[in-house]
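[1] Sequence plus predicted model, see below.
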Amino acid sequence: MYKKTGAIAILLMGLLIASFTPFDTNHSALIKSSAREQKIQKKILRQIVSFRDYVKDSFYLAISKTNADTQNIRRTFLKSRLLFKEFEWAAAYFAADLTERLNGPPVQEIENADLLDPTLARGVNPIGLQVIEPFIYPAYDTAGKTALLGEVDHLITNTAYMVAYFNDHPLADWRILDAAKLEVFRIIALGVTGFDNALSLNSMEESAASLTSLREILPDYINKKQETSLLQTLDAAIEYLHNHPDFDSFDRAAFITRFANKISADIAQLETNLPGPAIMYNRMLRQDTKTLFDSGAFNVDAFSPGPAFHNTDAKVVLGEKLFYDVSLSGTGTRSCASCHQPDRAFTDGLAKNTDIHDSLKLLKRNVPTLLNAALQSNYFYDMRALTLEDQVTDVIDNKVEMDGSMDAIVKYVSADNSYRLLFAKAFPAKAGNGISPDEVTNALASYVRSLTKLNSRFDMYMQGNEQALSSQELKGLNLFVGKAKCGTCHFVPLFNGITPPKYVTSETEIIGVPLSVTDSVLDRDQGYYDVIGVESYKYAFKIPTVRNIDKTAPYMHNGAYQTLEEVMEFYNNGGAAGLGINLPNQTLFKGKLNLTEMEKEDIIAFMKSLESK
């Protein structure tokens, strides 16, 4: 499998569906919508019904035959996926949990993982098109016919639920356009990378199907008296995808800069042109962004505990002073900056740092970068902290990291005049009420949030500077999000593991890191499993960013690899499987990527272009 593990996906089985009514485009709910909204809703319903009927009448029938016709089974499977892509833009936006049942990752999701009691967490088996794919590719599994038919039955049943949902829930223009724009972002980050068709790799045709569906609904929002390039760009993009179907050779950099960015920007303009107010979501990708690569596209406060914790300049100034203050540690010898050094992209250059009380004892894990740390949910390699404030508290309290005390820190800063003034400026509403632990952790977290820097040469290129990347770096970019499959875990444009285009859930991966580069024995650290106790998540770790990776060696949660060349070799050989390590629940692709030495050099060159300024 190429897929990732979902960190805190909560499966809401009720899913807003009160009843499962038959397909009826005259349902009373539609009357509440405008004529345009009703027209689009009816179209979506027809597409869902067409998908359901084709799966039932053609795909299921092909599998059911006594003598398997592998080519026909593959043909009907690929056609089913194309039909799904026609309504994916709407399904993923309006009924995300149902969409997971149709095309979710082929790994167990975690239910109740965000509750205070980790013993309530449990794995929920995946279903849908991505689960079906391994039955058919790379070879049709005749022995699995009964199980495959069961999976297709699930697909048909859950599609009926999707019909019921869209038959019962009126749409709104602003949400339709928001969904359309997010579908363009989904194509950029997931569609052309092979994220959800990892074995069949029919990515370009599927992306073309998605854009064609948008091409059919967007004219309803274009003023015929106005000149617009949107439809022409859509036509050109669809043609480009059809004319360049080969997965490995597809030029993703060209597709994004020539077509996708222009399409999303034009859809954003249509959103702006709509009359009346739209509800603004508090999500990490700002709702009014025009492209995935806009400066300021991402909201650093999205994963803060609430509005009172949002960043201000005064909080950042205070947080920076605290960050460099060794008095926050119990021994008065270690500050946050001791392990997160600015000249090393806020890492320390060590495989593992040492116990604050004993320089001969190593800490459990490698120190991760703090650059862009705000742009991902859940913190630490094992995902145990939900916010940066939680992470700060954990580190300060940790007996081997800082061995500090929040009570002692509050007493210390309260006795210091310069700190009292800074706290009063940072938290004016609480001035005069004494300094609280929450203010200390929020100030430090605010400083970390200020370290968001999406200003690399890659970003410049995507914003229109065609000279920002060399030809080698562009080759590396296309390999990273294509043949090498790096982009199916480290998603464009953040290159970390938070899943686009809604950027809500951080992913983990089970890759099987060895103890060291010379020791092909699985590292004993069980990662996320030690937090949630779900068997399928043994050895799962948070997917870190690869931005600034040239400065953050050594690599992996245990610092096993000193160089990017070593990292590339590990992935090229299939992770743990390539080292001969038996890891049944490995989620990383277990086969060889067959990258040439030059291709590996190109990918490394590209990753180095991700350095922040």
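    Thanks, I have the structure now.
[2] which residues of the protein fall in strands?
    Here the chain has its strands, by DSSP state E, at 5-6, 109-111, 122-124, 354-355, 358-362, 507-509, 514-516, 519-522, 541-542.
[3] So in that sheet, which strands flank the fifth one, and in what orientation?
    So that's strand 358-362. Using DSSP bridges, strand 358-362 pairs in its sheet with strand 354-355 (antiparallel).
[4] same question for the partner strand, mean pLDDT?
    In this model, strand 354-355 has an average pLDDT of 98.
[5] rewinding a little: could you export the strands of the chain as a markdown table, including distance to Ile532 and mean neighbour count?
    From N, CA and C alone the C-beta is placed, and that goes for glycine too. Listed next are the strands of the chain as a markdown table, based on distance: least, C-beta to C-beta, whole Å; neighbours: other C-beta atoms under 10 Å:
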| stretch | distance to Ile532 | mean neighbour count |
| --- | --- | --- |
| strand 5-6 | 10 | 24 |
| strand 109-111 | 6 | 22 |
| strand 122-124 | 9 | 17 |
| strand 354-355 | 26 | 15 |
| strand 358-362 | 25 | 10 |
| strand 507-509 | 10 | 26 |
| strand 514-516 | 24 | 16 |
| strand 519-522 | 20 | 14 |
| strand 541-542 | 13 | 26 |
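[6] Could you tell me the least trusted of those?
    strand 5-6 (a mean of 41).
[7] Point me to the residue sitting closest to the centre of this structure.
    Closest residue to the average C-alpha location of the chain: Thr499 at 1.6 Å, with C-alpha atoms, centre = their mean.
[8] how close does Phe293 get to Met402?
    37 Å (C-beta to C-beta, to the nearest Å).
[9] As TSV, the strands of the chain with distance to Ala605 would be great.
    Converted to TSV, the strands of the chain look like this (distance: least, C-beta to C-beta, whole Å):
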stretch	distance to Ala605
strand 5-6	30
strand 109-111	36
strand 122-124	39
strand 354-355	34
strand 358-362	32
strand 507-509	24
strand 514-516	26
strand 519-522	28
strand 541-542	26
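[10] Of all those, which one is nearest Arg252?
    With C-beta to C-beta, the closest approach to Arg252 among the strands of the chain belongs to strand 507-509: 20.5 Å.
[11] I'd like to know which elements the closest one is packed against.
    Here strand 507-509 touches strand 5-6, strand 541-542, going by 3 or more C-beta pairs under 8 Å, 6 or more residues apart in numbering; DSSP states H and E.
[12] Tell me where the stretch 301-450 of the chain is predicted with low confidence.
    By pLDDT under 70, the stretch 301-450 of the chain contains no weakly predicted segment.
[13] show me where it has helices.
    For the stretch 301-450 of the chain, helices defined by DSSP state H, counting those that start in this stretch occupy the ranges 313-323, 336-339, 388-397, 406-414, 417-426, 437-449.
[14] Kindly calculate the angle that the fifth one makes with helix 406-414.
    Okay, so that is helix 417-426. Calculated by axes from the mean of the first three to the mean of the last three C-alpha atoms, to 10 degrees, helix 417-426 forms an angle of 100 degrees with helix 406-414.
[15] what does helix 417-426 contact?
    Under the contact criterion C-beta atoms under 8 Å, 6 or more residues apart in numbering, helix 417-426 has outside partners 312, 314-315, 317-318, 321, 412-414, 431, 435, 439, 443.
[16] Give me the buried positions along it.
    Residues of helix 417-426 classed as buried by neighbour count (16 or more other C-beta atoms under 10 Å): Tyr419, Leu422, Phe423, Ala426.
[17] Can you give me the neighbour number for the nearest residue to Phe259 once chain neighbours are set aside?
    Closest residue to Phe259 apart from its sequence neighbours, by C-beta to C-beta, 6 or more residues apart in numbering: Ala237 at 3.7 Å. For Ala237, the count of nearby residues is 24 (other C-beta atoms under 10 Å).
[18] For Ala237, give its distance to Ala260.
    Going from Ala237 to Ala260 by C-beta to C-beta gives 7 Å.
[19] And for Val152?
    Val152 sits 32 Å away from Ala260, taking C-beta to C-beta as the criterion.
[20] now do Tyr165
    Separation of Tyr165 from Ala260 (C-beta to C-beta) stands at 28 Å.
[21] now Glu466
    Distance of Glu466 to Ala260, computed by C-beta to C-beta: 16 Å.
[22] more neighbours, these two?
    Ala260 (23 against 10).
[23] How about the more buried one: what's its closest non-neighbour residue?
    With C-beta to C-beta, 6+ apart as the criterion, Ala260 has its nearest non-adjacent residue at 5.2 Å, and that residue is Ile188.
[24] again with Ser612
    Excluding its sequence neighbours, the residue lying closest to Ser612 (C-beta to C-beta, 6+ apart) is Lys453, at 3.7 Å.
[25] Domains of the chain: list them as residue ranges, please.
    Using automatic domain parsing, the domain ranges for the chain come out as 1-171, 307-449, 472-603.
[26] Tell me who's in contact with the residue nearest to Leu469 when sequence neighbours are not counted.
    Nearest residue to Leu469, sequence neighbours excluded (C-beta to C-beta, 6+ apart): Tyr461, at 4.6 Å. Tyr461 makes contact with Ala253, Thr257, Ala468, Leu469 under the criterion C-beta under 8 Å, 6+ apart.
[27] isn't the first one right up against Leu479?
    No. The pair formed by Ala253 and Leu479 falls short of the contact definition of C-beta atoms under 8 Å, at 10.7 Å.
[28] if we can go back for a sec, make TSV from the helices of the stretch 301-450 of the chain and add distance to Val504 to it.
    Converted to TSV, the helices of the stretch 301-450 of the chain look like this (distance: least, C-beta to C-beta, whole Å):
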stretch	distance to Val504
helix 313-323	25
helix 336-339	28
helix 388-397	16
helix 406-414	30
helix 417-426	29
helix 437-449	18
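[29] Comparing these, which stretch has the densest surroundings?
    Sort the helices of the stretch 301-450 of the chain by mean neighbour count, taking mean count of other C-beta atoms under 10 Å, and helix 437-449 sits at the top with a mean of 25.
[30] Having no further points to raise, I will conclude here.
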